[in-house]
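Participant: Starting from these lines, generate the structure:
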Amino acid sequence: MIDLYTWGTPNGRKVSVMLEECALTYNVHKVDIGKGDQFKPEFVTINPNSKIPAIVDKDGPGGNPISVFESGAILIYLAEKSGKFLPADPHQRYAVLQWLMFQMGGVGPMFGQAHHFIRFAPEKVPYGIERYSKETRRLYGVMDKRLEQNEFLAGNPYSIADIATYPWVARHEYHQVDLAEFPNMKRWFDAISARPPVAKGMAV
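Facilitator: Have a look, this model is predicted:
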């Protein structure tokens, strides 16, 4: 049994989608980041950085419990535990890890900043809005070009790179992007949206 500590954010939903895709049994523990639950001592012992998501796997390596934080690390851990969505072939594996890191270092931070300056900042800061909106659209362009020749971000098959990226693209309206402008992204997004485990994981 895996304990998932999460909230309804793109990073949190990466892990619930992955757990559903892998058909792993898990319990959800809500960490209300609006109320500061992430700073409570019991959660900080699991993630010293006070960020969701985090997991505790009671049946970890060697049958011993393990806690894992950082969404990308969790996806890699669950892929290796289940044997799914991270190919063993080195060429395919590193393609997946490249696009996973692309999400972790680019899509997540840049889309998140666009969300903040467009929707949540207490005052409109034109420089911030322009800077992060422009970079967000650039990243959409990178992915759209990639998907022109590939079914999924790392090529084929569907992988943790797609699972990591999808919840951020699902908030395209937050960063004022019309997916119709990026037809290959839209095709990718619609195909992943149609997967029942994704819909179930996104609802957690």
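
Participant: Tell me who's in contact with residue 17.
Facilitator: 163, 166, 167, 197, 198, 201, 202 (CB atoms under 8 Å, 6 or more residues apart in numbering). Glycine gets a C-beta too; all of them are placed from N, C-alpha and C.

Participant: what residues are up against the most centrally placed residue in the chain?
Facilitator: Central residue of the chain (CA atoms, centre = their mean): residue 164, 3.2 Å from the mean position. Shown in contact with residue 164 (CB under 8 Å, 6+ apart): 14, 71, 72, 75, 100, 103, 104.

Participant: Show me which residues of stretch 134-141 are buried.
Facilitator: 135, 136, 137, 139, 140 (16 or more other CB atoms under 10 Å).

Participant: if we can go back for a sec, export the contacts of residue 164 as TSV, with columns for secondary structure and distance to residue 27.
Facilitator: Listed next are those as TSV, based on DSSP: H, G, I helix; E, B strand; the rest coil; distance: CB to CB, whole Å:
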residue	secondary structure	distance to residue 27
14	helix	18
71	helix	18
72	helix	22
75	helix	19
100	helix	25
103	helix	26
104	helix	26
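
Participant: Quick check: of these, which lies closest to residue 33?
Facilitator: residue 71 (13.9 Å; CB to CB).

Participant: I'd assumed residue 49 was in contact with that closest one.
Facilitator: No. Counting by CB atoms under 8 Å, residue 49 is not a contact partner of residue 71; they are 11.7 Å apart.

Participant: who's more crowded, those two?
Facilitator: Taking other CB atoms under 10 Å, residue 71 and residue 49 do not tie; residue 71 has more neighbours (29 against 9).

Participant: per-residue confidence at that one?
Facilitator: What the model reports for residue 71 is a pLDDT of 98.

Participant: where's the nearest residue in space to residue 79 that is not next to it in sequence, which helix or strand?
Facilitator: Once flanking residues are discounted, residue 79 sits nearest to residue 86: 3.6 Å by CB to CB, 6 or more residues apart in numbering. Of the helices and strands defined by DSSP states H and E, none includes residue 86.

Participant: Which strands or helices does the longest helix along the chain pack on?
Facilitator: Counting by DSSP state H, the longest helix found in the chain is helix 126-149. Contact analysis of helix 126-149 by 3 or more CB pairs under 8 Å, 6 or more residues apart in numbering; DSSP states H and E lists helix 108-115, helix 183-193 as its packing neighbours.

Participant: all strands of the chain, in order?
Facilitator: 2-6, 26-30, 54-57, 66-69 (DSSP state E).

Participant: List the neighbours of the third one that are in contact with it.
Facilitator: The reference is to strand 54-57. Against strand 54-57 from outside (CB under 8 Å, 6+ apart): 2-5, 15, 26, 43, 46-47, 65-69, 74, 77-78, 81.

Participant: Let's test this: mean pLDDT of that strand, rounded?
Facilitator: pLDDT averaged over strand 54-57 gives 98.

Participant: Name the strands paired with that strand and say parallel or antiparallel.
Facilitator: strand 2-6 (antiparallel), strand 66-69 (antiparallel) (DSSP bridges).

Participant: Just the residues contacting stretch 121-131, thanks.
Facilitator: Against stretch 121-131 from outside (CB under 8 Å, 6+ apart): 113, 114, 116, 117, 118.

Participant: Right, I'll call it a day here.
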